[in-house]
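Enquirer: Could you look at this predicted model? Sequence included:
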Amino acid sequence: MKESLVSWTGADDGSQRTQMQSTLTDTNKSALQKYQELVTGTTGLGTLLKYELYTGLFGPLPGAPGFVLRKFFFRKLLTRVGRNVIFGRSMTIRHPNRIMVGANVVFDDYVVLDAKGTDNRGIDIADNVIVGRGSVISCKNGNISIGEGTNIAMSCFIQSARDVQIGKNVLFAAYCYVIGGGDHRTDRIDVPIIYQGQVVRGVTIEDNCWLGAGVKVQDGVTIGHDSIIGSGAVVTKDIPPYSVAVGVPAKVVKNRKHT
């Protein structure tokens, strides 16, 4: 899988900062401008007011009234929303103009959809996907696509600084991490690691996979279709299709086609 260097700003001496750091510490921008760039990705006051109204008033509402109002108003925030989408209570939505959602998708309470970036496509979720309570889907100027019928349990974390592609009918148990934010460079000892930049490769999880509770998938990995990753495993290398892999680091212990 081809790798790339994440975009950073700063001098050639290694005193670099991430785009987010640059935005939040820019002394030439007001607190309001920083907030706008963080949550909406635009500088228009009208867009910000609509965002604040819809998320602030309707986001925390409990019960049927909250369900109905979010279903109607949140579709006005996002780029595309299909039919019969359920938005749970107190969701966090950032850069909504980069979020696309198919039909019959369910977001449980406290889900985070963060599509922030400057030139990325953002988050694309296909039909019939379920995202569990408290799960986070977050871009760092990357892209995340989630295929039809995928089920993400509670408290999962999926992050992308390039491309994270999740196929159809993938099953995530609770507390799974897809670490698509890349690896920090550590070549130099005269510069703090945080300022040395990152190398990102992307993550692909193909169709019909099952990730057990607490699985961690490192950047640069492809998990082949119809594979099972055992609970607590850390996937650091590609996994062939139809595999059963367990352990830290994850190793293939079985081929499902040969049983």
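Expert: The structure has been received and is ready for your questions.

Enquirer: which is the next helix or strand following the lengthiest helix in the chain?
Expert: Longest helix of the chain, by residue count under DSSP state H: helix 63-73. Note on helix 63-73: by DSSP states H and E, the next helix or strand toward the C-terminus is strand 80-81.

Enquirer: Let me know the next secondary structure element after that next one.
Expert: Next along the chain after strand 80-81, taking DSSP H and E as the criterion, comes strand 86-87.

Enquirer: elements contacting that next one?
Expert: For strand 86-87, the helices and strands in contact under the criterion 3 or more Cβ pairs under 8 Å, 6 or more residues apart in numbering; DSSP states H and E are helix 63-73, strand 106-107. Bear in mind the C-beta positions are built from the backbone N, C-alpha and C, glycine included.

Enquirer: Pull the contacting residues for the residue lying closest to residue 247 once chain neighbours are set aside.
Expert: Distance criterion Cβ to Cβ, 6 or more residues apart in numbering; nearest residue to residue 247, sequence neighbours excluded, is residue 233 at 5.8 Å. Taking Cβ atoms under 8 Å, 6 or more residues apart in numbering, we find residue 233 in contact with 212, 215, 216, 245, 246, 247, 248, 249, 250.

Enquirer: Equivalent analysis for residue 127, please.
Expert: Applying Cβ under 8 Å, 6+ apart, the residues near residue 127 are 82, 102, 103, 104, 105, 148, 149.

Enquirer: what's the neighbour count on the last one?
Expert: The local packing count at residue 149 equals 18, with neighbours defined by other Cβ atoms under 10 Å.

Enquirer: and if you look at residue 185?
Expert: 17.

Enquirer: re earlier: for PyMOL, what selects the buried ones among the contacts of residue 127?
Expert: Selection of buried members from the contacts of residue 127 for PyMOL, criterion 16 or more other Cβ atoms under 10 Å:
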select buried, resi 82+102+104+105+148+149
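
Enquirer: Looking at the contacts of residue 127, which are in strands?
Expert: Among these, DSSP state E puts none in strands.

Enquirer: Relative to residue 151, how far out is residue 25?
Expert: 39 Å (Cβ to Cβ, to the nearest Å).

Enquirer: Next: residue 53.
Expert: Distance of residue 53 to residue 151, given as Cβ to Cβ: 32 Å.

Enquirer: Could you do residue 94 as well?
Expert: If you measure residue 94 against residue 151 using Cβ to Cβ, the figure is 23 Å.

Enquirer: Lovely, talk soon.
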